[in-house]
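J.: need a structure here:
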Amino acid sequence: MNPSIPTHSALPAVAAHGRVTFLGAGPGDPGLLTLRAVEALGAADVLIAEPEVLEVVRTHARAGVDTPQLTVADEASAAAGVPVIRDAANLVMEAARSGRRVVRAVTGDPGLDGNAAEEMLACATEGIPFEVVPGVATAVGVPAYAGVPLSGGRDAKGTDVRFVDARNASARCWSEVGASDGILVVSATLETVSAAAAELVSAGRKPDTPLTVTVAGTTTRQRTWNATLGTIAQVFKQGKVLPSPEGVRPVIAVVGEHGAAARHEDLAWFESKPLFGWRVLVPRTKEQAASLSDQLRSYGAVPHEVPTIAVEPPRTPQQMERAVKGLVTGRYEWIAFTSVNAVKAVREKFEEYGLDARAFAGIKVAAVGEQTAAALVEFGVKPDLVPSGEQSAAGLLEDWPPYDPVFDPIDRVFLPRADIATETLVAGLIELGWEVDDVTAYRTVRASPPPADTREAIKGGGFDAVMFTSSSTVRNLVGIAGKPHNVTVIACIGPATAKTAEEHGLRVDVLSPEPSVSKLAEALAEYGAARRDAAKEAGESVARPSERRPGARRRRTT
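T.: Residues are numbered from 1 along each chain as shown. Presented below is the predicted three-dimensional model:
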């Protein structure tokens, strides 16, 4: 062997580094995350995110992901005596050196983030592999959500668009952009945007140049003002626009001679959503309200789930145990699920006995509605019967076949339900010729009261609307949290629920045309749209119900 060539064992050890993904989280709307971003977040061992986007990205990370606290070292913090923990670069490098997969999430796009660029260079210097997942740049995404195009259209070919960060722009920078006549996108704060407008006027821009200012862009707190470079300070003063209590908050200002600001009213698609910015209380658990909350978000609302009932096992489990054993031994022709909680109760009992979805072989399965059917599919069971019309016990009975001794070898139905369920379904099945084992699978009890701030918001008018999906939700919400304020819009799923609400002294504003949570959300959105249109026709500013409560203190703009 040639002694000049080192053997394998003599070679220096190579450090096993992890991998870093620099990820753009966009301006704030969680829906703007890319598919690649979601994939990277799901594989991360460590998630290091700016506070502004932590909640946007954390929902896509796996359970147990490490999220070390990020504190950026700055002179102001040091002067105020605020303890500086560790900056992002140290956190990223430390995690990567340990061999873990790191996601470093920044607002907007990492390619436009100076700190991210320095961290990438540090990784490259140390030989740590990294990748970049672009995001929607704040300076581009916010104007799009505000209905402000960054182009002059067909008649403005070659329009010059420039981007400036007013927070660190030099006098030379202001002089250059002030001398141009193109569209300018300025990143500023509520505290500095008026000064930036004055700088542009001093540099040569006309005082009557159109200007739009958007705060909290792409989120349901978004708000946009139209003004000019010369009037923006007065517009803020007249509107009593105050800095946010947390301090500076970034805003995007678009300056342009090409009509961009004039188009805002016609193109402001996001802020024109029927329930834009409405805080809507949904008296359900997060699991139960998932699809409803998603629908409300599509209308621009901010859903807030408050469970009004808690589910507990039956006091005597023997009846449920016998029924599940009968299910396996062929006692039943049908099993009917009337709620997601019923599916959960049977599934838990199956797991207790070491059973799975295969135990349903040869048994017909019915589900009262789409959500219950979805819970069964997740369990591995495809329902044989889901109501084609109304999603209720009555709707299920309309499609349920009568017992036929020729075609149905067994005449018995297993019905696992809540302890307070009505007799409508049982009576209807018996009328169709079936024998019914009506079994208490779970008990419903009143939930614990929500946190104090939620109770205060309910009673004090902090919510814009409450959606009642049953009479019990009315009784239980009033019982655990108090009666909603009289400015809060009350939406009820049907006449019975509305009657209960009125009995509790509530004014019902919205009644669903069908007993469906989806139709109830649609009805609330139509109410919100009509309310918005009426305000515009009257020449009034569009305000949420919670902003018009008597004696309400003026809210700071955030």
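J.: Let me know the secondary structure of the closest residue in space to residue 97 that isn't next to it in sequence.
T.: The shortest distance from residue 97 to any non-neighbouring residue, by C-beta to C-beta, 6 or more residues apart in numbering, is to residue 17 (6.4 Å). (Glycine included, C-beta is placed from N, CA and C.) What DSSP: H, G, I helix; E, B strand; the rest coil gives for residue 17 is coil.
J.: I'd say residue 17 and residue 96 touch.
T.: Yes: the pair residue 17 / residue 96 is scored as a contact, 5.7 Å apart, by C-beta atoms under 8 Å.
J.: Tell me where this structure is predicted with low confidence.
T.: 1-16, 71-86, 152-159, 243-249, 257-264, 286-288, 549-558 (pLDDT under 70).
J.: in its sheet, what does the longest strand seen in it sit against?
T.: Determined from DSSP state E, the single longest strand within the chain is strand 435-446. If you go by DSSP bridges, strand 435-446 pairs up with strand 309-312 (antiparallel), strand 412-418 (parallel).
J.: Show me what counts as buried in that strand.
T.: Residues of strand 435-446 classed as buried: 436, 437, 438, 439, 440, 441, 442, 444 (neighbour count, 16 or more other C-beta atoms under 10 Å).
J.: Please save the CA atoms from that strand in PDB.
T.: Taking Å, rounded to 0.1, in the frame of the first residue of the first chain, the C-alpha atoms of strand 435-446 are listed here in PDB:
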ATOM      1  CA  GLU A 435     -86.700  -3.000  15.900                       C
ATOM      2  CA  VAL A 436     -84.400  -0.400  17.500                       C
ATOM      3  CA  ASP A 437     -81.700  -0.800  20.200                       C
ATOM      4  CA  ASP A 438     -81.500   2.900  21.300                       C
ATOM      5  CA  VAL A 439     -78.200   2.900  23.300                       C
ATOM      6  CA  THR A 440     -76.700   5.700  25.300                       C
ATOM      7  CA  ALA A 441     -73.200   5.900  23.800                       C
ATOM      8  CA  TYR A 442     -72.200   9.200  25.500                       C
ATOM      9  CA  ARG A 443     -73.600  11.900  27.800                       C
ATOM     10  CA  THR A 444     -73.600  15.600  27.000                       C
ATOM     11  CA  VAL A 445     -73.000  17.900  29.900                       C
ATOM     12  CA  ARG A 446     -72.600  21.700  30.000                       C
END
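J.: so after that strand, what's the next helix or strand?
T.: Downstream of strand 435-446, the next assigned helix or strand under DSSP states H and E is helix 452-460.
J.: Show me what secondary structure element comes after that following helix.
T.: strand 465-468.
J.: Show me what that next one is packed up against.
T.: Applying 3 or more C-beta pairs under 8 Å, 6 or more residues apart in numbering; DSSP states H and E, one finds that strand 465-468 contacts strand 279-282, helix 471-481, strand 489-492, helix 495-503, helix 517-537.
J.: Let's have those in JSON lines, adding distance to residue 113 and mean neighbour count.
T.: Formatted as JSON lines, those follow (distance: least, C-beta to C-beta, whole Å; neighbours: other C-beta atoms under 10 Å):
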{"stretch": "strand 279-282", "distance to residue 113": "32", "mean neighbour count": "24"}
{"stretch": "helix 471-481", "distance to residue 113": "42", "mean neighbour count": "20"}
{"stretch": "strand 489-492", "distance to residue 113": "41", "mean neighbour count": "24"}
{"stretch": "helix 495-503", "distance to residue 113": "50", "mean neighbour count": "17"}
{"stretch": "helix 517-537", "distance to residue 113": "37", "mean neighbour count": "18"}
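J.: Compare these and give me the one nearest residue 236.
T.: Nearest to residue 236, of all these, is helix 517-537, at 22.0 Å by C-beta to C-beta.
J.: what's the angle between that closest one and helix 495-503?
T.: Angle of helix 517-537 versus helix 495-503, following axes from the mean of the first three to the mean of the last three C-alpha atoms, to 10 degrees, is 60 degrees.
J.: quick one: helix 517-537 to chain centroid distance?
T.: Counting by C-alpha atoms, centre = their mean, to the nearest Å, helix 517-537 is centred 20 Å from the centre of its parent chain.
J.: what residues does that helix touch?
T.: Residues outside helix 517-537 that contact it (C-beta atoms under 8 Å, 6 or more residues apart in numbering): 272, 274-275, 278, 280, 291-292, 295-296, 299, 465, 467, 469, 489, 491-493, 509-513, 541-543.
J.: For that helix, output the C-alpha coordinates as PDB.
T.: Below are the C-alpha coordinates for helix 517-537, written out as PDB (Å, rounded to 0.1, in the frame of the first residue of the first chain):
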ATOM      1  CA  VAL A 517     -74.700  24.900   9.300                       C
ATOM      2  CA  SER A 518     -73.500  25.700   5.800                       C
ATOM      3  CA  LYS A 519     -76.700  27.400   4.900                       C
ATOM      4  CA  LEU A 520     -76.600  29.200   8.200                       C
ATOM      5  CA  ALA A 521     -73.200  30.600   7.300                       C
ATOM      6  CA  GLU A 522     -74.400  31.600   3.900                       C
ATOM      7  CA  ALA A 523     -77.400  33.400   5.400                       C
ATOM      8  CA  LEU A 524     -75.100  35.300   7.800                       C
ATOM      9  CA  ALA A 525     -72.900  36.300   4.800                       C
ATOM     10  CA  GLU A 526     -75.900  37.600   2.900                       C
ATOM     11  CA  TYR A 527     -76.900  39.600   6.000                       C
ATOM     12  CA  GLY A 528     -73.400  41.100   6.200                       C
ATOM     13  CA  ALA A 529     -73.400  42.000   2.500                       C
ATOM     14  CA  ALA A 530     -76.800  43.700   2.700                       C
ATOM     15  CA  ARG A 531     -75.600  45.600   5.700                       C
ATOM     16  CA  ARG A 532     -72.500  46.700   3.900                       C
ATOM     17  CA  ASP A 533     -74.500  47.800   0.800                       C
ATOM     18  CA  ALA A 534     -76.900  49.800   2.900                       C
ATOM     19  CA  ALA A 535     -74.100  51.700   4.600                       C
ATOM     20  CA  LYS A 536     -72.600  52.600   1.300                       C
ATOM     21  CA  GLU A 537     -75.900  53.700  -0.200                       C
END
